[in-house]
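# Pasting a predicted model and its sequence here:
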Amino acid sequence: MLTINILAKDKYSKARAGKFETDHGVVETPVFMPVGTQGTVKAVNQSCLENDIKAQIVLSNTYHLYLRPGTDVLEKAGGLHKFINWKKPILTDSGGYQVFSLSELRKIKSDGVEFRSHLDGSKHFFTPAKVIAIQRSIGADIIMALDECTPYPCDYDYARHSKKLTSDWAVLNKEAFENSQPLYGHKQFLFGIIQGSIYKDLRESSAKEIIRQDFDGYAIGGLAVGEPTDTMYEMVNFTTDFMPENKPRYLMGVGRPENILEAIQRGIDMFDCVMPTRNARNANLFTSAGVLSMRNAKYKDDFSTIDENCDCYTCRNYTKAYLRHLYTAKEILALELGSIHNLHFYMNLVRTAREKIIEGNFIDWKEKIINKISQVNNSTEE
């Protein structure tokens, strides 16, 4: 079983600093996981991820890897770690979110979900047992149970039925996991997912039903799907009250830097989001002074660093003027340098949050920086 060793707790909130261990390394929490959906974090190579960005763990996706390159290729390669040359931990999402986002291409049934590939229209069927088998083939250190991610908005009856489906599947996920073995000589851990949309009674019953299965860790799903931010915070704060102290707590798909800090305050340990790399590809860079739009004309002859408080590869070597030139010229290097910077910013943010929790001044630090980092510095663009 996986347990999280809590090293420090904040006196004035639920924030906590801890660590847990996998066969591919220790993960110190709070932690942000760069998203490598298809076995690659977009525009960033694995050496940079490890040595400059200092990622502890990355996330890949079952749905995408199942469709391409396929489990046969991954098994021949010896699993995803060897296939992508990554020696640290990997978490795989079950693919539930991707499947359920294909609203016109899928049909939900009591025993699983039928869907058509977004690549070629071919028909597939995911059951809890099949999703476990696929993730055995992938070989991630942490694998996720198949769930249904409810949309927002959704009415109470839909959310209640969806919550029951997720709870029923959780039992089947656990059975399939216990009746199978890892393929590549390292342990795998299974996380359950708590659903319930924005309804507190459903969140509570979902948490109790999922926790009853005694998973290795627990995720909060079905948030950051369009609900008001304050509602998301309220649901996180409510749900973590029911989550075990000795197991990792994972908030799926979140989010902006300020969202992460608020969720840490409410007791979350693990995060993932495509925002750092997606924003970088759109010339929006996160800094200690807020978000910079690097196509802005004011940076044309600004030879200062992107962020004077950052020591990432991009900030050490290049200026705002050069980054703006790359983006306006549509050079591929812009995507790499921007992604490196944004991921480094996220890593440094959660790493500093951990330090502040251990030092005992997390809330004071958070309140001082949260308004600065959430500002958007826009100006006229050429």
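That came through, no problem.
# so Leu65 sits in a strand?
No: counting by DSSP: H, G, I helix; E, B strand; the rest coil, Leu65 is located in no strand; its state is helix.
# you'd agree Asp111 is up against Thr127?
Yes: the pair Asp111 and Thr127 qualifies as a contact (Cβ atoms under 8 Å) at a distance of 5.8 Å. From N, CA and C alone the C-beta is placed, and that goes for glycine too.
# For these two, indicate the residue with more neighbours.
When neighbours are counted by other Cβ atoms under 10 Å, Asp111 and Thr127 differ, and Thr127 comes out ahead with 17 against 11.
# now the residue in the chain sticking out farthest from the centre, nearest residue through space, not along the chain?
No residue in the chain sits farther from the centre than Asp301, which is 36.1 Å out by Cα atoms, centre = their mean. Nearest residue to Asp301, sequence neighbours excluded (Cβ to Cβ, 6 or more residues apart in numbering): Ala321, at 5.7 Å.
# where does that neighbour fall, phi/psi-wise?
The phi/psi pair for Ala321 (degrees, to the nearest 10) reads phi -60, psi -40.
# can you pull the contacts of Thr240?
Contact analysis of Thr240 by Cβ atoms under 8 Å, 6 or more residues apart in numbering lists Lys14, Ile220, Arg249, Arg266, Gly267, Ile268.
# for Leu172, that is, sorry about that
Thr127, Pro128, Ala129.
# same thing but 6 Å
By Cβ atoms under 6 Å, 6 or more residues apart in numbering, the contact set of Leu172 is Pro128.
# how distant is the one helix or strand it maps to from the center of its chain?
Using DSSP states H and E, Leu172 falls within helix 156-178. For helix 156-178, the distance from its own C-alpha centre to the chain's C-alpha centre is 21 Å (Cα atoms, centre = their mean, to the nearest Å).
# What of stretch 3-16?
Once both centres are worked out by Cα atoms, centre = their mean, stretch 3-16 turns out to sit 20 Å from its chain's centre.
# Now do it: distance from first to last residue.
Terminal residues of stretch 3-16 are spaced 14 Å apart (Cα to Cα, to the nearest Å).
# Give the buried residues for that stretch.
Residues Ile4, Ala8, Lys9, Asp10, Ser13, Lys14, Ala15, Arg16 are the ones in stretch 3-16 that count as buried (16 or more other Cβ atoms under 10 Å).
# Can you tell me which of those lies closest to Leu80?
Checking the buried residues of stretch 3-16 against Leu80 by Cβ to Cβ gives Ile4 as the nearest, at 23.5 Å.
# what residues are up against the closest one?
Residues counted as contacts of Ile4 (Cβ under 6 Å, 6+ apart) are Gly18, Phe20, Pro248.
# and the nearest residue to Lys130 once chain neighbours are set aside, what is it in contact with?
The shortest distance from Lys130 to any non-neighbouring residue, by Cβ to Cβ, 6+ apart, is to Gly112 (7.2 Å). If a contact means Cβ under 6 Å, 6+ apart, then Gly112 has Phe125, Phe126, Thr127 as its contacts.
# got it, and Tyr184?
Contacts of Tyr184 by Cβ under 6 Å, 6+ apart are Gly79, Gly139.
# which stretch of helix or strand covers it?
Secondary structure from DSSP H and E places Tyr184 outside every helix and strand.
# distance of Ile84 from Thr40?
7 Å (Cβ to Cβ, to the nearest Å).
# And Thr277, by the same measure?
Counting by Cβ to Cβ, the gap from Thr277 to Thr40 is 10 Å.
# between these two, who's got more neighbours?
For Thr277 and Thr40, the more surrounded residue by other Cβ under 10 Å is Thr277, and the numbers stand at 24 against 16.
# List the buried residues for the helix or strand that one falls within?
In this structure, Thr277 sits in helix 275-281 according to DSSP H and E. For helix 275-281, the neighbour count (16+ other Cβ under 10 Å) marks Met275, Pro276, Thr277, Asn279, Ala280, Arg281 as buried.
# same for that helix, what does it pack against?
Helix 275-281 sits against helix 332-359, with contacts defined as 3 or more Cβ pairs under 6 Å, 6 or more residues apart in numbering; DSSP states H and E.
# Which other helices and strands does the helix it packs on contact?
Against helix 332-359 (3+ Cβ pairs under 6 Å, 6+ apart) you get strand 16-22, helix 275-281, strand 284-287, helix 313-317, helix 320-328.
# For the shortest one, what is the distance to the chain centroid?
For strand 284-287, the gap between its own C-alpha mean and the chain's C-alpha mean amounts to 19 Å (Cα atoms, centre = their mean).
# For it, name the packing helices and strands.
Against strand 284-287 (3+ Cβ pairs under 6 Å, 6+ apart) you get strand 290-293, helix 332-359.
# Skip the chain neighbours and tell me the closest residue to the residue nearest to the spatial centre of the chain.
Residue closest to the mean C-alpha point of the chain, counted by Cα atoms, centre = their mean, is Asp272 at 1.5 Å. Take Asp272 and drop its neighbours on the chain: the residue closest to it by Cβ to Cβ, 6+ apart is Met33, 4.3 Å away.
# Pull the contacting residues for that neighbour.
Taking Cβ under 6 Å, 6+ apart, we find Met33 in contact with Ile57, Val58, Leu59, Asp272.
# if we go to 7 Å?
Residues in contact with Met33 (Cβ atoms under 7 Å, 6 or more residues apart in numbering) are Ile57, Val58, Leu59, Leu91, Met270, Phe271, Asp272.
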